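1. prediction below, plus the sequence it came from.
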4 protein chains.
Amino acid sequence: MPGKDSAREKRPPGRPRSESARRAILRSTLRLLRHTGYSDLSIEAIAGDANVGKATVYRWWPNKGALVVDAFSSSVHKELLFPDTGSVYSDVSLQASHLVQLLRSRRGQIVAALIGGGQTDAELIEAFRERFVRPRRLEAYATLRKGIERRELPAGADLDLILDSLYGAIYMRFLIWKDGLTEEFIADICRLVLDGACTSAAEAEAR
Amino acid sequence: MPGKDSAREKRPPGRPRSESARRAILRSTLRLLRHTGYSDLSIEAIAGDANVGKATVYRWWPNKGALVVDAFSSSVHKELLFPDTGSVYSDVSLQASHLVQLLRSRRGQIVAALIGGGQTDAELIEAFRERFVRPRRLEAYATLRKGIERRELPAGADLDLILDSLYGAIYMRFLIWKDGLTEEFIADICRLVLDGACTSAAEAEAR
Amino acid sequence: MPGKDSAREKRPPGRPRSESARRAILRSTLRLLRHTGYSDLSIEAIAGDANVGKATVYRWWPNKGALVVDAFSSSVHKELLFPDTGSVYSDVSLQASHLVQLLRSRRGQIVAALIGGGQTDAELIEAFRERFVRPRRLEAYATLRKGIERRELPAGADLDLILDSLYGAIYMRFLIWKDGLTEEFIADICRLVLDGACTSAAEAEAR
Amino acid sequence: MPGKDSAREKRPPGRPRSESARRAILRSTLRLLRHTGYSDLSIEAIAGDANVGKATVYRWWPNKGALVVDAFSSSVHKELLFPDTGSVYSDVSLQASHLVQLLRSRRGQIVAALIGGGQTDAELIEAFRERFVRPRRLEAYATLRKGIERRELPAGADLDLILDSLYGAIYMRFLIWKDGLTEEFIADICRLVLDGACTSAAEAEAR
DNA sequence: CAATAATCGAGACGGTACGTCACGTCTTCTT
DNA sequence: AAGAAGACGTGACGTACCGTCTCGATTATTG
């Protein structure tokens, strides 16, 4: 068999896409987002900063939102994985603590910009949700289920309810109050929500 | 007593601000926001619709966000007042239900736009917070304190923690999930958080 | 020889300037100037009339004056060339007569506007001088020199002095008196100045 | 007779016009004209500089041109009077020399601005002509007529022709060449024109 | 090894809206 | 009645980006 690879794809004729241009664009997008808000970020500036023609950007990304999500998700590391300490409270509060560290760092401005920009751009918020929030949510489900197995949480607990009230509180302080994201707050909110999950599920069962 | 009025204010010199222009601008802002998204809303169009000079808009509002906050908060009626039913749970869940109705209506897009724009504009998020969120927060304190007096909530409850996790969950679904703002959710989240407040405060006391 | 052309000019990168836009702008400038005064002429109107973006105008002309000089000088035909009749007096008075005809026509308003605007804008008066006045001055030198060769003028005549007093008189009546630009005046001023040149140079020599 | 004064004028009721405001406006106009060109001079700035309401300016001067001429003519001293030395050449060249000194000074910019602005504003150039140029022209006639009486100039000399070619040359260098206004030039141009007047009138008589 | 084709950078194009400035008019209170 | 103060509707300013386009140059595959 002469072919080198079974997954070999027929390359179209013509000059292939420049990988270095792609990377330069993503890098410039992130750099500029650190200093400028999402809405003040212009494709013109990105292309200029990346030494790239404007058309090259438009050739590969349909709009600003798609580009920014792409750039951001290429920058998120494994720092937000849930640990497995044997205690739901510990697992969740540790991860929440790492999230808060991220939000308080320079990259937090990018998260704010994405959520902010997404309120105007449906595709942007969807991309942010599916590529950033959803993966962590799936891990959180697993962590909570382990807690249920260990009887730390009741069997009928509404996982989304728990996670929305916990992370919702964090995002509320991050997006609106712009304050109060302390370690103590993390400890308190985890306790409040996990305790609530126990009591409220017990009541529901009793009904 | 010679003075006419103790609260009489000295008017500044010059032609006074036109109240009719102010109202026309706010009215046009809301009208256009119904048809256009926040980011497609232009001051040029507002001024044109209101038959007003662009400079008159800029004289009184520093930017689009401030204008929209003003227009929006002038349109929020008493629909978000907390009732006084004699039960914390009822008071809070009724108000939360009204908030969700607002967020799900056309005016919800304005709220989203304000929070979104505020992620780029510190003054905008501050204005939104102080003029829309804070007043409701103050009422919420009062409602919760009545609950404490009635022994529905423990004396040492952290009111901000309770409210951030409750409303944070709502805003999380509103801003990021763009889904799940049902009546059942309201009931569940209120129960979860209020129950959590009881248990977690009891624990804290025990420590 | 590998190079195609010694005078070959390297075109700069990027899309080349649109010649049709350039012409449309100049045409619209002249058209609007016929109906409106110079100071009432707006770049906005020119761009609109030429179906051209305002930025395209500003990309190529720094200000209104420069644009109008360009438009004007592109409209000056060969009508102001000096003839060669064999007599200095005839050559000069014929050309002066053509100039006066131009100044009295609708295009005279453009000349007035350019000189007027140039009193505030150093670059404008320089452009007017170099592109309109200087070329004619150079021809005038040649005409006068032929007169010197034919002994119609003395060898030591100060050409600039002669031309400034001749054309200065015309511009004085044009710009300040706004009157008196008759054919008789042309004949008289040419005679006065050319006679003066003869006598005064003779005296100078005698000294 | 009860009246105090035959020239007594019935004063209109109400607050009389403020002389200090009038002076402040004229002073500010001249000051700003030194730094800014005529077309960049704004009534807004004048009123601000003079601590005067804008309406006060508009109440007394119909437009910018009228105000500027007023301000300028209130500042011209007796420096441009023709002397009486007993020689036309001396009288004229001395006065021309003073004029050139004025044009080369800071006030020259105002003269340029007035002539420049007048090319767009008919009332302005008329006011400049009648209040600045014409008075000097009348004196110049007198000076030249004394020269005719002394036989320095022929009886049939065309005074306007002489003066336009002399002062026209000066204004040509001032307005267009922006150069060459030397003392030597003054001497030369006076000689050229006065000599021309003699010869050309003699010829005309001979015809 | 030429021809073909899609990419690249650069930057001009027709547009839209920006936020500022001055216009000349007006409305208020004070002198 | 005139003063200063300054807001008003109007309209042009010059700038910044939009998303599209036209260039010459570059880099690959195909004939």
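-> Okay, I see it. Numbers count the residues shown, from 1 in each chain, chains lettered A, B, ... in the order given.
2. contacts, neighbours, all on C-alpha from now
-> OK.
3. what backbone torsions are found at A:Leu41?
-> phi -80, psi 130 (degrees, to the nearest 10).
4. er, A:Val52 I mean
-> Taking degrees, to the nearest 10 as the convention, A:Val52 sits at phi -140, psi 150.
5. now it. Nearest residue, chain neighbours left out?
-> A:Ala21 (6.8 Å; Cα to Cα, 6 or more residues apart in numbering or on different chains).
6. okay, now the one you found: neighbour count?
-> The number of residues packed around A:Ala21, counting by other Cα atoms under 10 Å in any protein chain shown, is 17.
7. what's the helix or strand A:Ile125 falls within packed up against?
-> In the assignment (DSSP states H and E), A:Ile125 maps to helix A:122-128. Using 3 or more Cα pairs under 8 Å, 6 or more residues apart in numbering or on different chains; DSSP states H and E, the elements in contact with helix A:122-128 are helix A:64-73, helix A:106-118.
8. repeat that with 6 Å
-> With contacts defined as 3 or more Cα pairs under 6 Å, 6 or more residues apart in numbering or on different chains; DSSP states H and E, helix A:122-128 has no helix or strand neighbours.
9. so what pLDDT did A:Glu130 get?
-> Note for A:Glu130: predicted pLDDT of 89.
10. is any residue of the helix holding A:Ile125 near DNA strand F?
-> No. Under the criterion of Cα under 7 Å from any atom of the strand, helix A:122-128 makes no contact with DNA strand F; the nearest approach is 13.5 Å.
11. near chain B at all, the helix or strand harbouring A:Ala197?
-> Using DSSP H and E, A:Ala197 falls within helix A:183-206. Yes. If you take Cα under 6 Å from any Cα of the partner chain as the test, helix A:183-206 does meet chain B, through A:Leu192, A:Val193, A:Asp195, A:Gly196, A:Ala197, A:Ser200.
12. need the contact list for A:Gly65.
-> If you count contacts by Cα atoms under 6 Å, 6 or more residues apart in numbering or on different chains, A:Gly65 has them with A:Leu124.
13. distance check, it against D:Ala66.
-> From A:Gly65 across to D:Ala66, the span is 57 Å (Cα to Cα, to the nearest Å).
14. picking up where we left off before, for chain B, state which of the residues of helix A:183-206 next to chain B is nearest.
-> A:Gly196 (3.3 Å; Cα to the nearest Cα).
15. surely that closest one meets B:Arg191?
-> No. A:Gly196 sits out of contact with B:Arg191 when judged by Cα atoms under 6 Å, with a separation of 8.0 Å.
16. who has more neighbours out of these two?
-> Between A:Gly196 and B:Arg191, counted using other Cα under 10 Å, A:Gly196 has the larger neighbour count: 25 against 22.
17. and the more buried one, what is it in contact with?
-> B:Leu192, B:Val193, B:Asp195, B:Gly196.
18. one more time with 10 Å, if that's ok
-> When contacts are counted by Cα atoms under 10 Å, 6 or more residues apart in numbering or on different chains, A:Gly196 touches A:157, A:162, A:190, A:202, B:189, B:191-200.
19. how about A:Ala24?
-> A:Ile46, A:Ala47, A:Asp49, A:Ala50, A:Asn51, A:Val52.
20. which residues sit against stretch A:77-87?
-> A:90-99, A:101-102, A:135-136, A:139-140, A:142-144, A:146-147, A:150, A:152.
21. what's the PyMOL syntax to select whichever of the residues you listed are buried?
-> A single PyMOL command selects the buried members of the contacts of stretch A:77-87 (16 or more other Cα atoms under 10 Å in any protein chain shown):
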select buried, chain A and resi 90+91+92+93+94+95+96+97+98+99+101+102+136+140+143+144+146+147+152
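22. so of the contacts of stretch A:77-87, which ones are in helices?
-> Using DSSP state H, the members of these that fall within helices are A:90-99, A:101-102, A:135-136, A:139-140, A:142-144, A:146-147.
23. pLDDT wise, what is A:Glu203 at?
-> 72.
24. you'd agree it is up against B:Asp195?
-> Yes. In this structure, A:Glu203 is within contact of B:Asp195 by Cα atoms under 10 Å, at 9.4 Å.
25. tell me which of those two has more neighbours.
-> Ranked by neighbour count (other Cα under 10 Å), A:Glu203 and B:Asp195 place B:Asp195 first, with 24 against 11.
26. isn't that one up against B:Val88?
-> No. Distance between B:Asp195 and B:Val88: 11.3 Å, which falls outside the contact criterion (Cα under 10 Å).
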